[in-house]
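here is my input, please return the structure:
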Amino acid sequence: MKLRRNGFTMVELMVVVGIIAILSLMMLPSYLDKFTRDQIAEALPLADIAKAQISLAWSVAQSFPADNAAVGLPAADRIVGNYVSAVSVAEGAINITFGNRANGVIRGKTLTLRPAVVTDAPIVPIAWICGNASTPDKMTAFGVNKTDISPSYLPFSCR
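Model prediction:
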């Protein structure tokens, strides 16, 4: 009479555990990059308080404000969030400095949102250029891009 065993041997189980470990280690870097991109994306709405004021300044005077005071915003280090330690305005560009609970790879780094306009058609609304993204055709970007975050951590719209 032949004895039949149901189940797996210890070697087979260890092979499966090894394969799962290798796959999870391969996924870890992309997960960490996504986590950092999510922190940056969550910080972007903090710039909205400056965008409205900068757009108003452009529509009224066809020029961009020089700093936070010219826009009517508090000092840069007073505009903070979970992942943001400062939001400053420089010649119309909004510079978001990451800090507080931000991931270590972006802590102390800056992401710039620059206004782009059609200079001879002031009625056309401002397009905001995030980070290293290219300027739309027939538009002129203002302000200096101070983005020093690695492109792999930027959201896709900011690359």
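
list the contacts of the residue most central in space within the chain.
Geometric centre of the chain, nearest residue: Ile40, 3.4 Å, by C-alpha atoms, centre = their mean. Taking C-beta atoms under 8 Å, 6 or more residues apart in numbering, we find Ile40 in contact with 83, 98, 106, 111, 149, 153-155, 158. All C-beta spots, glycine's among them, are computed from the backbone N, C-alpha and C.

downstream of the helix or strand Pro29 falls within, the next helix or strand is which one?
If you go by DSSP states H and E, Pro29 is part of helix 10-43. Next helix or strand after helix 10-43 toward the C-terminus (DSSP H and E): helix 48-61.

the very next helix or strand once past that next one: how far from the chain's middle?
Per DSSP H and E, the first helix or strand lying C-terminal to helix 48-61 is helix 68-71. In terms of C-alpha atoms, centre = their mean, to the nearest Å, the centre of helix 68-71 is found 23 Å from the chain centre.

per-residue confidence averaged over helix 68-71?
Averaged across helix 68-71, pLDDT comes to 94.

so what does it touch, helix or strand wise?
helix 48-61, strand 84-90 (3 or more C-beta pairs under 8 Å, 6 or more residues apart in numbering; DSSP states H and E).

how about that helix: buried residues?
68, 70-71 (16 or more other C-beta atoms under 10 Å).

same check, this time on stretch 18-38
36-37.

average model confidence for that stretch?
The model assigns stretch 18-38 a mean pLDDT of 88.

give me the residues contacting it.
103, 105-106, 152-155.

again with stretch 133-153
Against stretch 133-153 from outside (C-beta under 8 Å, 6+ apart): 33, 36-37, 40, 64, 90-93, 95, 98, 105-106, 109-112, 114-119, 127, 129, 131-132, 154, 157-159.

any of these buried? List them.
By 16+ other C-beta under 10 Å, the contacts of stretch 133-153 give 36-37, 40, 64, 90, 92-93, 95, 98, 105-106, 109-112, 114-117, 129, 131, 154, 158 as buried.

could you tell me which of those residues belong to strands?
90, 93, 95, 98, 110-112, 114-117, 129 (DSSP state E).

can you name the two of those that are farthest apart?
Between any two of these, the greatest separation by C-beta to C-beta is 27.0 Å, found for Phe98 and Val117.
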